[in-house]
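1. no sequence on this one, just coordinates:
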């Protein structure tokens, strides 16, 4: 077997290589602390399209094309593309796939989709179901606002606990062998619902899922937080991150190396993004633009990325339902057998 | 390697076993030709819930529980559940997963989701990423109507080319060894867009994707239509099925053993379902209720199931976009090395 199962953790006996990755980010994201990390920063978040939804589709296409170009690959050399987004019926992906002529696997994990895609791509490549796969996800602030909250033109007030959907996309190529970084392990999360009903407080809804996945991963693999250069969540924002620490400390686990993609991508002191960033494109662009490059240069050697997704819709929230959440995890390392 | 890649086809060198499966269907589906095949037929499509969306979630839970019960399994014995549905943000699955305490993988492939889930479950099990997995999908007529078309209370007229979303769910357990039927091969489809813009003619939008996947599978594996006891599409309905035959015959391929899940589940002569059934629950309930049992008893030995999905949303249709579609395929057989 190419994957060894330890509890919920999937450990790759021959870790897949991530030879190329690319991140495309919106204007505001480009003005943030990671602005120089992205392969492309948009000047116009509409990308010349007549609607935000189409612009988001184009974001995925651009990230995918850039990743393939950096890998020196043609799309005919890909056996699968795993993709997802936040639009109803995942149309940013569906319409991007029209332009990408590859066997396609549509995913929905809300803001956790990038890690879900990367984990699945790793499983497919390790098991021989795909010789090479591409994971790509996106989100667009303007498409998300009018779908989940109110159209931008209404100028609605935002709660301080709210998160700002990132305009961005990330794409990562996965193959059995090649240069680092490597995908060492993965875990698909279990859905948790802490009873939060506030659409403007996703961080609180998602933190219990992240805690569950991290605690299980530590227990299943025997790893401890300090075994990693960094533990990245995406995207709990300020409220969810604080709650995650509280939940882990209750179980006797302390993380001194935790960062959240939603807090890294914006500078909350000078950018009005409330509790931080979110969206399938947040974790995707931070992963492809900042984390994977740092593993490639050796700036970091071994990290965990636990992406979180809130699985409600506007309909279920209007129906008075609480918000279930999930957190998927990948362990990434500079070398295939990396230890700190 | 446990999977051998031939073009887009994934051939399992040790075909995973499908030891148990269950189908739950709505009232109208229970009155159709397959009524006696389903494990459970609803008397009340609301399942005592206050909204259709919740009722659909319950459909998935029931199908999953029944499949586990028939397999003699507890949910702790499952390493992954792969699921999806048509609701915005796949909430039928998200809320069902709250009750299913398993590592969860959310999918979106519109009406093709069941085959996508089964194919992925096979890849995970064959590669060792999961020791045992569950594929489950659902759809609900009333939830789909008000989301994609108009609320039922409006009493809108339906076009003759329109398809009737099935109220139903199907669940299938996948594991490395065990009794048949077996998952012999799978193929993830490429997205195709024939330019159809009519939300009431999904069959026409999806037929080109089914043709693409079937033609590639025959070319990749050397198989011919007559090698199978049946070739099942899900769900092209009457319009899409006719178009599929036309498209295949253009390429010199004739199928005399083709059936469509959307035409099998209803009797169009006495049930007012326009061009036939559709929805993630259509293919899922026909697969779990009719096709897999027939492979188990030996009534059929080897079949193809090519499920089709239309990847638009109400938003993209309102924006004047045409409808992209995808078709995923599985080859199922009574025995692991079955030939006709």
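-> The structure has been received and is ready for your questions. Quick caveat: nothing in here was measured; it's all calculated off a predicted structure.
2. Every contact and neighbour count from this point should use C-alpha atoms.
-> Will do.
3. need the contact list for residue A:102.
-> Contact analysis of residue A:102 by Cα atoms under 8 Å, 6 or more residues apart in numbering or on different chains lists A:75-76, A:78-81, B:189-191.
4. what about the helices in chain A?
-> Listed in chain order, the helices of chain A (DSSP state H) span A:27-30, A:52-71, A:91-99, A:113-127, A:141-148, A:202-221, A:237-250, A:261-264, A:280-286, A:292-297, A:314-318.
5. Including distance to chain B, could the ones you listed go into JSON lines?
-> What follows is the helices of chain A, written out as JSON lines (distance: least, Cα to the nearest Cα, whole Å):
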{"stretch": "helix A:27-30", "distance to chain B": "24"}
{"stretch": "helix A:52-71", "distance to chain B": "8"}
{"stretch": "helix A:91-99", "distance to chain B": "5"}
{"stretch": "helix A:113-127", "distance to chain B": "4"}
{"stretch": "helix A:141-148", "distance to chain B": "10"}
{"stretch": "helix A:202-221", "distance to chain B": "9"}
{"stretch": "helix A:237-250", "distance to chain B": "19"}
{"stretch": "helix A:261-264", "distance to chain B": "21"}
{"stretch": "helix A:280-286", "distance to chain B": "13"}
{"stretch": "helix A:292-297", "distance to chain B": "23"}
{"stretch": "helix A:314-318", "distance to chain B": "8"}
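6. Kindly compare burial across these and name the winner.
-> Using mean count of other Cα atoms under 10 Å in any protein chain shown, the stretch among those with the largest mean neighbour count is helix A:280-286, at a mean of 35.
7. Tell me how many other residues crowd the closest residue to residue A:16 other than its chain neighbours.
-> Ranked by Cα to Cα, 6 or more residues apart in numbering or on different chains and with sequence neighbours excluded, the top spatial neighbour of residue A:16 is residue A:176, at 4.5 Å. Per other Cα atoms under 10 Å in any protein chain shown, the neighbour tally for residue A:176 reads 22.
8. On the pLDDT front, check residue A:176 for me.
-> We note a pLDDT of 96 for residue A:176 in this prediction.
9. ok so, going back, now list the buried members of the contacts of residue A:102.
-> A:75, A:78-81, B:189-191 (16 or more other Cα atoms under 10 Å in any protein chain shown).
10. rewinding a little: if I pick the residue nearest to residue A:16, what's in contact with it?
-> A:14-17, A:125-126, A:131-132.
11. how about 10 Å then?
-> Counting by Cα atoms under 10 Å, 6 or more residues apart in numbering or on different chains, residue A:176 touches A:14-19, A:122, A:124-128, A:130-133, A:182-183.
12. Pull out the buried members of the residues you listed.
-> The neighbour-count test (16+ other Cα under 10 Å) applied to the contacts of residue A:176 identifies A:14-19, A:122, A:124-128, A:130-133, A:182-183 as buried.
13. so where is chain A shaky, pLDDT-wise?
-> Residue ranges of chain A with pLDDT under 70: A:1, A:339-340.
14. With residue A:246 as the reference, measure out to the closest residue in space to residue A:122 that isn't next to it in sequence.
-> Closest residue in space to residue A:122, ignoring its immediate chain neighbours: residue A:16 at 6.2 Å, by Cα to Cα, 6+ apart. Distance of residue A:16 to residue A:246, computed by Cα to Cα, to the nearest Å: 34 Å.
15. follow-up on the earlier one: out of the contacts of residue A:176, name the ones that lie in strands.
-> Counting by DSSP state E, those place A:17-19, A:133, A:182-183 in strands.
16. Please render these as a markdown table that adds distance to chain B to the earlier fields.
-> Shown next, in a markdown table, are these (distance: Cα to the nearest Cα, whole Å):
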| residue | distance to chain B |
| --- | --- |
| A:17 | 17 |
| A:18 | 19 |
| A:19 | 21 |
| A:133 | 12 |
| A:182 | 17 |
| A:183 | 14 |
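17. among these, which two are most distant?
-> Pairwise distances across the ones in strands among the contacts of residue A:176 (Cα to Cα) peak at 14.0 Å, for the pair A:133 and A:182.
18. any common contacting residues for those two?
-> A:18, A:122, A:174-176.
19. who touches residue A:7 in this structure?
-> Neighbour list for residue A:7: A:187, A:216-217, A:219-221, B:79, B:130 [criterion: Cα under 10 Å, 6+ apart].
20. Go again with 8 Å.
-> Contacts of residue A:7 by Cα under 8 Å, 6+ apart are A:216, A:220.
21. For it, grab phi and psi.
-> Per-residue torsions, residue A:7: phi 60, psi -130 (degrees, to the nearest 10).
22. could you measure it against residue A:221, distance?
-> Taken as Cα to Cα, the span from residue A:7 to residue A:221 is 8 Å.
23. And for residue A:97?
-> On the measure of Cα to Cα, residue A:97 and residue A:221 end up 36 Å apart.
24. what does residue A:253 give?
-> When residue A:253 is compared with residue A:221 (using Cα to Cα), they lie 15 Å apart.
25. Now residue A:186: closest residue in space, sequence neighbours ignored.
-> Leaving aside its sequence neighbours, residue A:186 sits nearest to residue A:330 (Cα to Cα, 6+ apart; 4.3 Å).
26. can you check residue A:281 too?
-> Per Cα to Cα, 6+ apart, closest to residue A:281 is residue A:138, 4.1 Å.
27. got the contact list for residue A:326?
-> A:109, A:112, A:189-192, A:206, A:209-210, A:308-311.
28. Specify the beta-bridge partners of it.
-> Taking DSSP bridges, one obtains residue A:309 as the residues bridged to residue A:326.
29. ok, back up a step: out of the contacts of residue A:326, flag the one nearest to residue A:101.
-> Distance ranking of these against residue A:101, using Cα to Cα, places residue A:109 first at 23.2 Å.
30. Does the closest one touch residue A:309 like I think?
-> Yes: in this structure, residue A:109 is within contact of residue A:309 by Cα atoms under 8 Å, at 5.8 Å.
31. Name the nearest residue to the most centrally placed residue in chain A, sequence neighbours excluded.
-> In chain A, the residue lying closest to the centroid (Cα atoms, centre = their mean) is residue A:283, at 3.3 Å. Leaving aside its sequence neighbours, residue A:283 sits nearest to residue A:234 (Cα to Cα, 6+ apart; 5.1 Å).
32. Check the burial of that neighbour by counting its neighbours.
-> Residues contacting residue A:234 under the criterion other Cα under 10 Å number 36.
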